[in-house]
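**Q** let's see this in three dimensions:
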Amino acid sequence: MNKNKKLILSIVFDAIGCLSYFFPGVGELSDIIWAPVSGWLMTKMYKGKAGRVAGVVSFVEEAMPGLDIIPTFTIMWFYTYVIKKDKTA
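**A** A predicted model of the protein is given here:
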């Protein structure tokens, strides 16, 4: 998967995580499902130790009330392709 596709998916996944804000009460219940899915997706998108750590962070961020606003997937993309400057797509 190339880095541009990962960026688009990252933004989409972060938006999905924020959907719980639009459905008070019911939205927090959706976080119970989305938190493990989010962690799993993160480990599939980003391999190695960094991906595993990001998966745990993503899971915790989605599971904790009020933290959904943090764009974990997009931050990981930025870390991977801007800070680390990973050239592989």
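**Q** quick check: the gap between Ile8 and Ala63.
**A** To Ala63, Ile8 is 25 Å away according to C-beta to C-beta, to the nearest Å. Where you see a C-beta, it was placed from the backbone N, CA and C, and this is true even at glycine.
**Q** which one of those two is surrounded by more residues?
**A** Neighbour count, other C-beta atoms under 10 Å: between Ile8 and Ala63, Ala63 has more, with 16 against 11.
**Q** mind checking how far that one is from Met76?
**A** Separation of Ala63 from Met76 (C-beta to C-beta): 17 Å.
**Q** same question for Leu7.
**A** 11 Å.
**Q** what ranges does this structure have for its helices?
**A** Using DSSP state H, the helices found in the chain span residues 3-18, 26-45, 48-63, 72-78.
**Q** which of those helices comes out lowest on mean pLDDT?
**A** Among these, helix 26-45 carries the lowest mean pLDDT, a mean of 87.
**Q** give the contact list for the spatially most central residue of the chain.
**A** Centroid-nearest residue in the chain: Phe73, 3.3 Å away (criterion: C-alpha atoms, centre = their mean). Residues counted as contacts of Phe73 (C-beta atoms under 8 Å, 6 or more residues apart in numbering) are Leu9, Ser10, Ile11, Phe13, Asp14, Ser38, Leu41, Met42, Met45, Ser58.
**Q** and what of Lys5?
**A** Lys5 neighbours (C-beta under 8 Å, 6+ apart): none.
**Q** please report how far it lies from Val12.
**A** Where Val12 is concerned, Lys5 sits at a distance of 11 Å (C-beta to C-beta).
**Q** do Trp34 as well
**A** For Trp34 relative to Val12 (C-beta to C-beta), the value is 13 Å.
**Q** which one's more surrounded, these two?
**A** Neighbours were counted for Trp34 and for Val12 using other C-beta under 10 Å; Trp34 has more, 22 against 11.
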